[in-house]
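Novice: sequence and predicted model, in that order:
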Amino acid sequence: MEFSGPQAFVLLVTMLVLFLIIKLLEPLRDAEEPPYIEPTIPLVGHAIGLLQRKYDYYTDLGNANKLPIFTLALPGMPKNRVYIINSSNLVLAIEKLPKKLSFWFVQAIFTVGMAGLSKRTAQVLQDNILGTEDRPSLFMDGMMEFHKYLKPGEALDRMTRLSTSSLADSIERQFVGKNTTKSIELWAWVHKEMATAITRGAYGPQNPYDDPEIREAFSALETNVVGLISFPFPKWTAATAYKGRTKLVNAFRRYHISNGIQGASAYIQGSGNIASQHKLPILDKARLDAVGGHAILANTIPTAFWTLYHIFSDQSLLEEVRDAVKPLVSSKEMEHGNWKHEIDITKIREIPILKSVLYESLRHYGSGTGTRIVVEDTLLEDRYKLKKGTFIFMPNMLYHQNREIWGDDVDSFNAHRFSTGKHYNSGAFRGFGGGANLCPGRFFAMNEIFACCAMMVLRFDLRPSRGAGREWRHPGTDGSNMSLLVNPPKETVYADVIEKPGWALGEWIFKL
């Protein structure tokens, strides 16, 4: 084919423009950086892979290349690149450098986008993040409050008492003394009960999540948290999540105006006090609270679902858990033949098999990615140069699905995996993060999940109410939401809730 003069000129200009675009978007490479893995399609191949495969794309690359760390050119990301950690040992090395390879900077950036903070509050939140300079740090003050009130102690105990009491009352109303079998959709039921109970413990009597519309707004927000953070014009590009966030913000604005925070937990009151000290307006306080549910609910709810599902869908495991919980219950007959049952949550959470099922749920269904940003040029392990401003991704699936670490049954759910006494390094298990960024809310989350499991296994049987032969069928996992660390079920699970004679009736009290 021959080209005329004008055609040849247009073709030449087009090729030159494409070349310049590629050069502009291609990161400046350094020979000391981790090796680059080239995309199958220049410039956009990795982005396409992530859109199509989500977190599985990291696993594909990690398994194919067997490098401890590698670099992906990703136009649009800071510095047009990301570093992927493929080795659990390097995860531990990164955790030793929390100020140079920082999650806190990432958290501040994500909070601004997720909450839609005003320009002034965004600047305050991102100023002096590490608190190392001689001026106030909203971010670090807030983090200190989280750790202060969410660690084991009276503040956490009060939250747990309120939450478990709310959960026990709800279960009582729904299932006890009805003389009939009630069918539930397990995911919807767990979502409602855990969301309501946990937030009741946090926000107190005026808890906005008591309103079903607010719980629905939270679910809408959760559909596209990544879109709120990443996309331009989220009102249109992440419309469902944006509308959900708006409804949540309005609810929490009313909560603050009515002084509902006075009945809240020490954790929420402390956060509110810090916000006031830094002169945040009520609207920004409401914005922060609106997205605070993501921290305490987003991964707790699917973990609770899978823990309950695996216990009740395996009869031998169910009996094992029941036998472990029963001795911890103190029962006393009261007036008029009523019974009072007391159970100590501090003892429940130390039951090896129950703890193992929860941890295995986090491992088996855990996806998500630990994220850091390189605050200053860093030589990792005296070998890999990490350049300032670049993101580091630590995909949990690369470690949770590593056959060399977990053995030949890595792809199976093994309820006893964490009760055998075998030690796994913290770089291999990322259920709660690690190092300086270990999840501060893990104790509260586990308390609620264990309390729910203890109540349900002793008081009820759950039997599948739909499906071939009414047998438990695994619902599969939905890995489409990249903002979650634990995948929810893909399909619905319907179950009949049946009272167990001798245990269902009576008052249940959880003590600490």
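Specialist: Looks like it arrived, so ask away. Residues are numbered from 1 along each chain as shown.

Novice: can you measure across stretch 261-270, start residue to end residue?
Specialist: End-to-end span of stretch 261-270 (CA to CA, to the nearest Å): 10 Å.

Novice: chain center to it, what's the gap?
Specialist: Remark: stretch 261-270 is offset 22 Å from the chain centroid, using CA atoms, centre = their mean, to the nearest Å.

Novice: now that stretch: average pLDDT?
Specialist: Averaging pLDDT along stretch 261-270 gives 96.

Novice: domain map for the protein?
Specialist: 1-45+58-116+369-430, 138-366+431-511 (automatic domain parsing).

Novice: highest average neighbour count across those domains?
Specialist: Across these, averaging neighbours per residue (mean count of other CB atoms under 10 Å) puts domain 138-366+431-511 on top, at a mean of 18. From N, CA and C alone the C-beta is placed, and that goes for glycine too.

Novice: what's the end-to-end length of it?
Specialist: Terminal residues of domain 138-366+431-511 lie 35 Å apart, using CA to CA.

Novice: what's the answer for stretch 338-357, then?
Specialist: 33 Å.

Novice: list the contacts of the most centrally placed residue in the chain.
Specialist: The C-alpha lying nearest the average C-alpha coordinate of the chain belongs to Asn299 (CA atoms, centre = their mean; 3.5 Å). Shown in contact with Asn299 (CB atoms under 8 Å, 6 or more residues apart in numbering): Gly368, Ala445, Leu484, Leu485, Val486.

Novice: do the same with Pro205
Specialist: Counting by CB under 8 Å, 6+ apart, Pro205 makes contact with Gly260, Gly263.

Novice: contact partners of the helix or strand hosting Thr59?
Specialist: Assigned by DSSP states H and E, Thr59 belongs to helix 56-65. Contacts to helix 56-65, defined as CB under 8 Å, 6+ apart, come from residues 37, 46, 49-50, 53, 70, 72, 84, 86, 369, 393, 395, 397-398, 401, 479.

Novice: now do the residue lying closest to Val325 once chain neighbours are set aside against Leu462, distance only.
Specialist: Counting by CB to CB, 6 or more residues apart in numbering, Val325 lies nearest to Ala454, which is 5.1 Å off, once chain neighbours are set aside. Going from Ala454 to Leu462 by CB to CB, to the nearest Å gives 14 Å.

Novice: for the stretch 251-400 of the chain, which spans come out with low pLDDT?
Specialist: Within the stretch 251-400 of the chain, the ranges that satisfy pLDDT under 70 run 337.

Novice: any weak-confidence spans in the stretch 401-512 of the chain?
Specialist: Looking along the stretch 401-512 of the chain with the criterion set at pLDDT under 70, you get 467-469, 503-505.

Novice: so which residues of it form helices?
Specialist: 403-406, 442-459 (DSSP state H, counting those that start in this stretch).

Novice: run the chain-centre distance for the last one.
Specialist: With CA atoms, centre = their mean as the basis, helix 442-459 stands 18 Å off its chain's centre.

Novice: same check, this time on stretch 59-73
Specialist: 24 Å.

Novice: for stretch 203-218, same thing?
Specialist: Between the centre of stretch 203-218 and the centre of its host chain there is 19 Å, according to CA atoms, centre = their mean.

Novice: quick one, phi psi at Phe432?
Specialist: When read as degrees, to the nearest 10, the backbone of Phe432 gives phi -120, psi 20.

Novice: returning to what we had before: pretty sure the residue nearest to Val325 contacts Arg349?
Specialist: No: taking contacts as CB atoms under 8 Å, Ala454 lies outside contact range of Arg349: 9.8 Å.

Novice: farthest pair within the contacts of Asn299?
Specialist: Gly368 and Ala445 (14.9 Å; CB to CB).

Novice: so where do the helices sit in the stretch 1-150 of the chain?
Specialist: In the stretch 1-150 of the chain, the helices defined using DSSP H, counting those that start in this stretch lie at 5-25, 45-53, 56-65, 88-95, 103-115, 119-125, 138-150.

Novice: would CSV of these with mean pLDDT and distance to Arg253 be doable?
Specialist: CSV is the format used below for the helices of the stretch 1-150 of the chain (pLDDT from 0 to 100; distance: least, CB to CB, whole Å):
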stretch, mean pLDDT, distance to Arg253
helix 5-25, 50, 41
helix 45-53, 83, 36
helix 56-65, 88, 39
helix 88-95, 95, 38
helix 103-115, 95, 13
helix 119-125, 97, 14
helix 138-150, 94, 19
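
Novice: rewinding a little: make TSV out of the helices of the stretch 401-512 of the chain and add distance to Gly142.
Specialist: As requested, these are arranged in TSV below (distance: least, CB to CB, whole Å):
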stretch	distance to Gly142
helix 403-406	35
helix 442-459	17
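
Novice: ok, which of these comes nearest Ser356?
Specialist: Ranking the helices of the stretch 401-512 of the chain by proximity to Ser356 (CB to CB) places helix 442-459 first, at 12.1 Å.

Novice: distance from the helix or strand where Ile296 lies to the middle of the chain?
Specialist: For Ile296, the host element (DSSP H and E) is helix 282-297. Centre-to-centre, helix 282-297 and its host chain are 15 Å apart (CA atoms, centre = their mean).

Novice: tell me the angle whatever helix or strand comes next after it makes with helix 442-459.
Specialist: Heading C-terminal from helix 282-297, the first helix or strand you meet, by DSSP H and E, is helix 300-312. Orientation note: helix 300-312 sits at an angle of 30 degrees relative to helix 442-459 (axes from the mean of the first three to the mean of the last three CA atoms, to 10 degrees).

Novice: by contact count, what packs against helix 300-312?
Specialist: Helices and strands touching helix 300-312, by 3 or more CB pairs under 8 Å, 6 or more residues apart in numbering; DSSP states H and E, are helix 186-203, helix 315-325, helix 352-365, helix 442-459, strand 460-464.

Novice: now His147, nearest residue through space, not along the chain?
Specialist: His147's closest residue in space is Pro440 (CB to CB, 6+ apart), at 4.9 Å.

Novice: contacting residues for the one you found?
Specialist: Counted by CB under 8 Å, 6+ apart, Pro440 has contacts Phe146, His147, Leu150, Lys151.

Novice: ditto for Thr199
Specialist: Counting by CB under 8 Å, 6+ apart, Thr199 touches Asn207, Pro208, Tyr209, Gly293, Ile296, Leu297.

Novice: now render these as JSON lines, adding distance to Glu471.
Specialist: Shown next, in JSON lines, are the contacts of Thr199 (distance: CB to CB, whole Å):
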{"residue": "Asn207", "distance to Glu471": "38"}
{"residue": "Pro208", "distance to Glu471": "40"}
{"residue": "Tyr209", "distance to Glu471": "35"}
{"residue": "Gly293", "distance to Glu471": "35"}
{"residue": "Ile296", "distance to Glu471": "34"}
{"residue": "Leu297", "distance to Glu471": "31"}
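
Novice: which one of those is nearest Glu32?
Specialist: Ile296 (41.0 Å).

Novice: the residue nearest to Val493 when sequence neighbours are not counted and Asp496, how far apart?
Specialist: Excluding its sequence neighbours, the residue lying closest to Val493 (CB to CB, 6+ apart) is Leu186, at 4.3 Å. Separation of Leu186 from Asp496 (CB to CB) stands at 11 Å.

Novice: shared neighbours of the two, which are they?
Specialist: Contacts common to Leu186 and Asp496, judged by CB under 8 Å, 6+ apart, are Leu462.

Novice: for His474, what are its contacts?
Specialist: With CB under 8 Å, 6+ apart, His474 has these contacts: Ser313.

Novice: from now on call the first residue 31
Specialist: Okay, residue one is now 31; in that scheme the one you just asked about reads as His504.

Novice: do you know how far it is from Ile341?
Specialist: 14 Å.

Novice: for Asp508, same thing?
Specialist: 21 Å.
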